[in-house]
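> Need coordinates for the following:
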Amino acid sequence: MDVHNTFLHGDLTEEVYMKPPPGYFTNDEKKSLSDNSLFFFDKGGVRINILIYVDDMIVTSNSNEALTIFKGYLATCLKMKDLGPLKYLLGIEVSRSSQGFYLNQRKYALEIVADTGLLGCKPNAFPLEQNHNLALSKTPLLPAPEPYRRLLGRLIYLVATRPDLAYCVHFLAQFMKSPREAHWEAALRV
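Next comes the predicted model:
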């Protein structure tokens with residue numbers, strides 16, 4: 001679901017609490033302890049999960065009837081649009097099959113490759129050369145480190161669905177302060 005974000009451009013006339021207001025206490029725990037943006041309702045065998053990111057919301061339930069009622073309730077409280085079954089969230093594509101869910105960032109990865117000008121290049125069999133000695137590199141410092149930092153930041157986000165790249169991306173991230181030409185070439189290889 002998408003909440004229309006007019007509140008981002010409006011003036012607030014009411015008091016907003018960043019913490020529960022004084023005197024408000026509840027023994028009913030509805031928030032996940034591991035993720036502050038995940039909320040759930042569990043009563044009488046019905047479970048509703050809500051994951052919120054700014055003005056986007058994923059709502060799931062084990063009951064279609066409860067889900068319909070809850071979405072209807074939300075629509076009375078806020079101006080929102082039901083986008084149907086989840087397809088994309090934060091640049092991650094969500095596909096369903098009989099075996100479960102599949103997450104990928106194919107479009108995002110292609111954007112990275114295109115932005116670096118490597119769209120027509122052949123892929124490498126492995127992302128980082130063995131015995132690379134990048135920590136000892138004496139190649140010239142990059143005159144402008146920003147493209148390296150941008151590329152590494154984007155690769156760090158790509159690791160969410162490509163854990164096989166985690167080691168080399170995080171290894172290269174240690175050179176963000178003063179990247180050298182060898183580090184740039186290694187990042188392009190990834």
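
> Who are the contact partners of residue 158?
Residues in contact with residue 158 (Cβ atoms under 8 Å, 6 or more residues apart in numbering) are 105, 108-109, 112, 165, 169. Where C-beta positions appear, they are placed from N, C-alpha and C, glycine not excepted.

> make it 10 Å
Residue 158 sits next to 91, 105, 108-109, 112, 165-166, 169, 190 when contact means Cβ atoms under 10 Å, 6 or more residues apart in numbering.

> which one of those has the most neighbours?
residue 169 (22 neighbours; other Cβ atoms under 10 Å).

> Using CSV, write out the CA atom coordinates for the secondary structure element (helix or strand) that that residue belongs to.
For residue 169, the host element (DSSP states H and E) is helix 166-173. C-alpha atoms of helix 166-173 as CSV (Å, rounded to 0.1, in the frame of the first residue of the first chain):
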residue,chain,number,x,y,z
ALA,A,166,29.8,-9.5,0.4
TYR,A,167,33.4,-10.2,1.1
CYS,A,168,34.9,-8.3,-1.9
VAL,A,169,32.5,-5.4,-1.6
HIS,A,170,33.3,-4.9,2.1
PHE,A,171,37.0,-5.5,1.5
LEU,A,172,37.0,-2.7,-1.1
ALA,A,173,34.9,-0.4,1.2
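
> Quick one: distance of that helix to the chain centre.
Put simply, helix 166-173 sits 18 Å off its chain's centre (Cα atoms, centre = their mean, to the nearest Å).
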